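# What would the 3D arrangement of this be:
(chains A and B)
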Amino acid sequence: MDIGKLTLRAMRGMLDRKEISAPELTSEYIKEAKASGHFVTVCADEAKAAADRAQKIINAGRATPLCGIPVALTDNICTEGIRTACGSKTLENFTPPYSAHVADRLNSENAVITGKTAIEEFGMHGSAHVSVFTADCGAVTLRPTYGRVSRFGLAAFASSFDQIGTVAGNAHDCGLLLNSIAGFDPQDVTTNKKSTPDFTAKAGQTAKGLKIALPKEFLEDCPDKGLINAVKEAAEWFTAQGAEVEEYSLPTVKYAYAAHRIISSAEASSNMARYDGIKFGHRSKEDGSFAELVRASRAEGFGFELKKRILLGNFALSNNNIQDYFFKAMAVRQKLREEYTALFERFNLILCGGCNIPSILAGLPVISTSGISVTGNYWDEETIIQAADFFERGQES
Amino acid sequence: MNYVPVIGLEIHAELLTKSKLFCSCAAEFGGERNSRCCPGCAAMPGTLPVMNRAAVEYAVLAGFALDCSINKFSVFDRKNYFYPDLPKAYQNSQLALPLCINGLVAIEYESDGVKKSKDIRINRIHLEEDAGKLIHDDLNGVSLADYNRGAIPLIEIVTEPDIGSAEEAKAFVEKIILTLQYAGVCDCKMEQGSLRCDVNISIMKPTDTKLGTRAEIKNLNSIKSIGRAIEHEIYRQSKLLDAGKRVVQETRRFDDNKGETKSMRSKENLDDYRYFPDPDILQVNFTDEDLAEIKSRLPEMPYARLDRYINKFGLSEVEAKIIVNQKRLSDFYEDALRAYHNPKSVCNFITGELMRRINLGEINLEKLPFTASALAKLAEMADNEAVSKNDAKAIFRIMSDEGGAPEEIAKAKGLLITNDTGKVAEVIERVIADNEKAVLQYQGGDMKVFGFLMGQCSKELKGVCTPKVIKEELEKKLKGA
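Purely as a prediction, here's the structure:
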């Protein structure tokens, strides 16, 4: 059995029909996890215990959608009693005494947490593309609207960008996963109080009648011609399927990359400052004054790329620069949000490719699948899942 | 040369909320080290702030109490700096849009025996978090951090540079303390650090138009040291300028033992705190209704109470001020009046006997051995002549020493006046009969013997009636006899 190819719904069916037990499924996954090289921590014992609990619930006929399904968390999501190193030397021995909201939610749904996957230091570029390996192995990534999923227990990198998303084999499964982690959490005041819909409600529908915007700036400025062609082909396909596709200009997009880098670095410089070696995390053996201890601990604990981001962030926030850099970037972000809001008065979706920095800067939901990405309006994850699911099915046939 | 001092104050006041600013840890003074700490207090990864609404409302109450305008839209910033008492390495504070702005505080003070008054402008009041405490263990050469105090909500009250002397500064801080205590937002215990004061001070020639270079004296923890630090700093800066030297912009601390300020660090290179709006904290948006509702919670302020005591109760200004200027005393007075509403006689007991014993250090207002209603009862008994005025004082002494209810003390000591008229008549008649000679002398116009007769009666009538009654009855009998 090629376990990696199973969809979440297929697994659900097999578990419910008792074609496989939760402990068997988990043990297959633990084997894969160990062999993959992508896991920094494999929780074999915890997963086994969780699978046993899940099986009892399945046997009792009370299984919820994720009951007994193996799930992995990136290693910047805190798990009580399980090392959470955030891909950084500074936290290499950090075991949190609390769990992230999403980990609690998955546990309460009796999903089986198999372990923690490798990330770049503090998920630095997580906001741009979940990680390279997910794209390599054909995974689909769903980044929901900022504020849709609680950040409590997610080690902060850039607070106003950090957003837990889901990665699965297809759009529908991404939606199922999102169903079980989304929603208001009093521990994160930036989560939205709206009740959460069934994000897969529109999966299975066609693209007929969808109004899709094709960003002019992407078609004109993207250096990757292959990517442009893939998006154009997808646009033609959607048109053929009854969607209305139209080119649309978002003039502020050309400043989005710089604004994203400035604001995220500024926030990161502040968020990373707590790793000073005083309370927890890596502490240098070099003896000296407080300033010397902090300097040595951070010099040893952080990687080169992260240090660059911290320096850039401090530069953008310093007295002489904050007006020209940070606040200008904030103004760009506001302008961009307004342009997007105007766009979504006429369109349901934006079809694009590659990284989705402008959408992320604006806090919009994005799904990446089969070489394209689809951005939706605020709080409208259902429609991007609909389009992505329809596109995936079109690719298969 | 004489210089004009220009002084501004920054007052930090810890708010009396039950929990800290961002979590549910208790916001109390002291406690076992690091016992009031959670992962958020230690800034562990993934923890997030959840703003304590009560702290925001207390800060607004303080703003109303100090005549500020309240910003309906307010933002929380991060002030970034490394220090071991600051776990996140940033302090949540407010820079551009604080909760309260443009307040006004009227002060009264005495200078060279002359009563003066002045208005001091408040620039802003913002809400921020306190830092932890460091304990330096010199013996072992280590410093330890205690985060119990970390993230306790704090308001910072910043004045305009309107203060011109140590007297004015002291009067201002006293007024702030009284106002915050009445508003119920801070207990203002300077000795415990729940209210701390920084002084910004420069001096200039009377003819100068430009302000001098200022020094900042940090963390003054008593009214007295605020006054002394200012006096010394004026002296120090004057001597520098007289000698043709210049004042350096720097942070100084006050050495209480030596009565001198000392340099801590130079501020020639201004610190860069890289303030920016905290993406984890929601902006505050008040409606007019919100603000009206908060304002309606403001209790009676000292000036209103003073006015009521003088104009409704008929207390003298001196009496009224003695009571009002100590919130606890004033609350005690209010409680006593609820038990016996005679403002004047309860006031007499408080400003007289009670204050005397407090001033002698025999009793402490914070833990009196008797209740306000017991004191009220005693005043009532004296007013109703159930005990004599002198005996009332004796009873008060016993209450101060041992506690207890005044009726029971009076009964046990036989001080209750029974007003047994039969007994009075009987004793007077007997005294008259036994002292024929003296009676004749009195009736012959020798008034001096009245005192002797009076004394004879009083001896036997102790606890039966007041001397006034004895005197009236005795005179009546002597004239009739």
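# From now on I want contacts and neighbour counts done on CA atoms only, so please keep to that.
Noted.
# Any regions of the chain where pLDDT drops low?
Going with chain A. Scanning chain A for pLDDT under 70 picks out the ranges A:1, A:126-137.
# My question was about chain B, not that one.
Across chain B, the ranges flagged by pLDDT under 70 are B:266-270, B:481.
# closest point of it to chain A, which residue?
Nearest to chain A in chain B, going by C-alpha to the nearest C-alpha, is B:Gly46, at a distance of 3.8 Å.
# That residue touches A:Asp75, doesn't it?
No. Counting by C-alpha atoms under 8 Å, B:Gly46 does not reach A:Asp75; the two are 11.9 Å apart.
# Who are the contact partners of B:Glu385?
By C-alpha atoms under 8 Å, 6 or more residues apart in numbering or on different chains, the contact set of B:Glu385 is B:Ile417, B:Thr466.
# And the helices in chain A?
Counting by DSSP state H, one finds helices in chain A at the ranges A:8-16, A:22-36, A:44-59, A:101-108, A:132-136, A:171-181, A:216-221, A:225-240, A:253-271, A:290-301, A:304-317, A:326-343, A:357-362, A:381-396.
# just to revisit the earlier point, neighbour count winner among B:Gly46 and A:Asp75?
In terms of neighbours (other C-alpha atoms under 10 Å in any protein chain shown), A:Asp75 is the more surrounded of B:Gly46 and A:Asp75; the figures are 28 against 22.
# check contacts around the more buried one.
Counted by C-alpha under 8 Å, 6+ apart, A:Asp75 has contacts A:Val40, A:Thr84, A:Ala85, A:Cys86, A:Gly87, A:Lys116, A:Thr117, A:Ala118, A:Ile119.
# can we see that at 10 Å?
A:39-41, A:82-88, A:115-123, A:154-155 (C-alpha atoms under 10 Å, 6 or more residues apart in numbering or on different chains).
# One more: A:Phe315?
The neighbours of A:Phe315, taking C-alpha under 10 Å, 6+ apart as the test, are A:Ile262, A:Ser265, A:Ala266, A:Ser269, A:Arg309, A:Asn321, A:Ile322, A:Tyr325, A:Phe326, B:Arg274.
# Also B:Ala243?
B:Ala243 is in contact with B:Gln237, counting by C-alpha under 10 Å, 6+ apart.
# What parts of the stretch 51-200 of chain B come near chain A?
Neighbours of chain A within the stretch 51-200 of chain B, by C-alpha under 10 Å from any C-alpha of the partner chain: B:51, B:78-90, B:143-145.
# returning to what we had before: same list (the helices of chain A) but as JSON lines, adding distance to B:Leu306.
Output for those, formatted as JSON lines (distance: least, C-alpha to C-alpha, whole Å):
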{"stretch": "helix A:8-16", "distance to B:Leu306": "74"}
{"stretch": "helix A:22-36", "distance to B:Leu306": "76"}
{"stretch": "helix A:44-59", "distance to B:Leu306": "68"}
{"stretch": "helix A:101-108", "distance to B:Leu306": "54"}
{"stretch": "helix A:132-136", "distance to B:Leu306": "73"}
{"stretch": "helix A:171-181", "distance to B:Leu306": "59"}
{"stretch": "helix A:216-221", "distance to B:Leu306": "71"}
{"stretch": "helix A:225-240", "distance to B:Leu306": "78"}
{"stretch": "helix A:253-271", "distance to B:Leu306": "49"}
{"stretch": "helix A:290-301", "distance to B:Leu306": "52"}
{"stretch": "helix A:304-317", "distance to B:Leu306": "50"}
{"stretch": "helix A:326-343", "distance to B:Leu306": "50"}
{"stretch": "helix A:357-362", "distance to B:Leu306": "57"}
{"stretch": "helix A:381-396", "distance to B:Leu306": "63"}
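# Nearest approach to B:Gly352 belongs to which of those?
Smallest distance to B:Gly352 across those (C-alpha to C-alpha): 56.3 Å, for helix A:290-301.
# Mind listing what's buried along that closest one?
Of the residues in helix A:290-301, A:Leu293, A:Val294, A:Arg295, A:Ala296, A:Ser297, A:Arg298, A:Gly301 count as buried by neighbour count, 16 or more other C-alpha atoms under 10 Å in any protein chain shown.
# What parts of the stretch 201-350 of chain A come near chain B?
Contact residues, the stretch 201-350 of chain A versus chain B (C-alpha under 10 Å from any C-alpha): A:266-267, A:269-281, A:290-291, A:294, A:313-322, A:326-327.
# again, 7 Å this time
For the stretch 201-350 of chain A, the residues in contact with chain B (C-alpha under 7 Å from any C-alpha of the partner chain) are A:Ser270, A:Ala273, A:Arg274, A:Ile278, A:Lys279, A:Leu317, A:Ser318, A:Asn319.
# May I see these organised as TSV, with neighbour count added?
Converted to TSV, these look like this (neighbours: other C-alpha atoms under 10 Å in any protein chain shown):
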residue	neighbour count
A:Ser270	28
A:Ala273	18
A:Arg274	26
A:Ile278	21
A:Lys279	15
A:Leu317	29
A:Ser318	18
A:Asn319	15
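# just checking, which of these belong to strands?
In strands, judged by DSSP state E, none of these are found.
# quick one, what contacts the residue nearest to the spatial centre of chain A?
Nearest to the geometric centre of chain A sits A:Gly165, at 3.1 Å (C-alpha atoms, centre = their mean). Contacts for A:Gly165 (C-alpha atoms under 7 Å, 6 or more residues apart in numbering or on different chains) come out as A:Leu142, A:Arg143, A:Pro144.
# In contact with B:Lys116, which residues?
By C-alpha under 7 Å, 6+ apart, the contact set of B:Lys116 is B:Glu108, B:Tyr109, B:Glu110.
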